[in-house]
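Participant: Okay, predicted coordinates and the sequence, questions at the end:
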Amino acid sequence: EVMASQMTTMLVGEGAKLDVHGCKTVDMASSFGKALLEFIFIVFACLTLLLGINAAKSKAAGKVLFPATFVTGIASIAYFSMASGGGWVIAPDCRQLFVARYADWLITTPLLLIDLGLVAGVSSWDIFAIVMSDILMIAAGAFGSLTVGNVKWVWWFFGMCWLLHIIFALGKSWAESAKAKGGEASSVYSRIAGITVITWFCYPLVWVFAEGFGNFSVTFEVLIYGILDVISKGIFGLILMSGANTGYEAI
C-alpha cells in the first residue's frame, strides 16, 4: 500500500486528484520544464517587489501600478504552485494540465484590462464589459482543455469570439479615448495595448497545438506560455512603471 501511494504521488503530483482517464502514459513536464517553472516564479517574484515599491511612491502611480503588482504577485503564486508539484490534473487527452495557469489568467487578465482602461480613460462600464468578455474567454479555454473530440474546438471558437471583442475594443474605442487624453498616458497606452494585443493573439495559437492537438510537449508548452506570461504581465508592468512619474496624475 505504501509503494502504491508513492507511485500515485509520482504520477499525479502531491495534492492532485488521481484521474487518469484510462491513460497508459501521460505527457508530463520534464525536469527542464520544472526548472523553467521555478525560474519564472523567481522572475515574477522580483517584478512584484519592484512594482510594489514604485506603486507606493505616489497615489497617482499606485492607482495603475498596484493592479500591475497584483498581476505579477498572483502569477508568482501560480508558478510557485506549478513548480512545487501542485496545481495540475491529468486531462482526458492524457496530458498534464496546469489548472493553476487558468486560475492565474482568470484573475490577472481582468486586472490587466482594468489597468488598460484606467490609462485610456474609458468609463467603468466599458471596463466591466470587456472584463466580462475576458472571463468568458478564459472559461472557454479551460473547459476546452478538459474535453476531447469536436466539442473541444467549439469551446475554442467561443473563446476566440470573446477575444475578438476585446481586441476590437482595445484597438478602436479605447485607443481613441487614450489618444484624446494625449500626453504620456497616450504613449504608454499605445505600448501596453500593443503588447496585450500581440501576446493575447498568441495564446490561442499555442493552445491549438498544446491543449488542442497535443503536438507540443508539456515542457514546450511551459516554455512558450512562460515567455508569453512574462511579456504580457511583466513587460506590461515595467512599461506602466516607466510612465508613472508623469503620466497618471489625471487618472
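Facilitator: Everything's here; your move.
Participant: Skip the chain neighbours and tell me the closest residue to the residue most central in space within the chain.
Facilitator: By C-alpha atoms, centre = their mean, the chain has its centre lying nearest to W105, at 3.9 Å. Spatial nearest neighbour of W105, excluding adjacent residues (C-beta to C-beta, 6 or more residues apart in numbering): I138 at 5.0 Å. C-beta: built from backbone N, CA, C; applies to glycine.
Participant: Neighbours of the one you found, how many?
Facilitator: As a burial measure, I138 scores 23 neighbours (other C-beta atoms under 10 Å).
Participant: if we look at the host helix or strand of it, which residues are touching it?
Facilitator: Assigned by DSSP states H and E, I138 belongs to helix 124-145. Residues outside helix 124-145 that contact it (C-beta atoms under 8 Å, 6 or more residues apart in numbering): 91, 97, 99, 102, 105-106, 109-110, 113-114, 117, 151-156, 158-159, 162-163, 165-166, 169-170, 173-174, 203-204, 207, 211-212.
Participant: just checking, which of the residues you listed belong to helices?
Facilitator: 99, 102, 105-106, 109-110, 113-114, 117, 151-156, 158-159, 162-163, 165-166, 169-170, 173-174, 203-204, 207 (DSSP state H).
Participant: what bits of this protein have low per-residue confidence?
Facilitator: 1-21, 245-251 (pLDDT under 70).
Participant: just to revisit the earlier point, filter the ones in helices among the contacts of helix 124-145 to the buried ones?
Facilitator: 99, 102, 105-106, 109-110, 113-114, 117, 152, 155-156, 158-159, 162-163, 165-166, 169-170, 174, 203-204, 207 (16 or more other C-beta atoms under 10 Å).
Participant: hang on, the earlier thing: what separation is there between the residue nearest to W105 and G52?
Facilitator: 25 Å (C-beta to C-beta, to the nearest Å).
Participant: And I167, by the same measure?
Facilitator: From I167 over to G52 (counting by C-beta to C-beta), the distance is 30 Å.
Participant: And for L228?
Facilitator: 23 Å.
Participant: Name the nearest residue to K181, ignoring sequence neighbours.
Facilitator: G121 (5.0 Å).
Participant: The one you found: how many residues sit nearby?
Facilitator: 17.
Participant: That one contacts S177, correct?
Facilitator: Yes - the criterion here is C-beta atoms under 8 Å, and G121 meets it with S177 at 5.2 Å.
Participant: out of everything not next to it in sequence, what's closest to K179?
Facilitator: S186 (5.6 Å).
Participant: Sticking with that neighbour, tell me its helix or strand.
Facilitator: helix 183-207.
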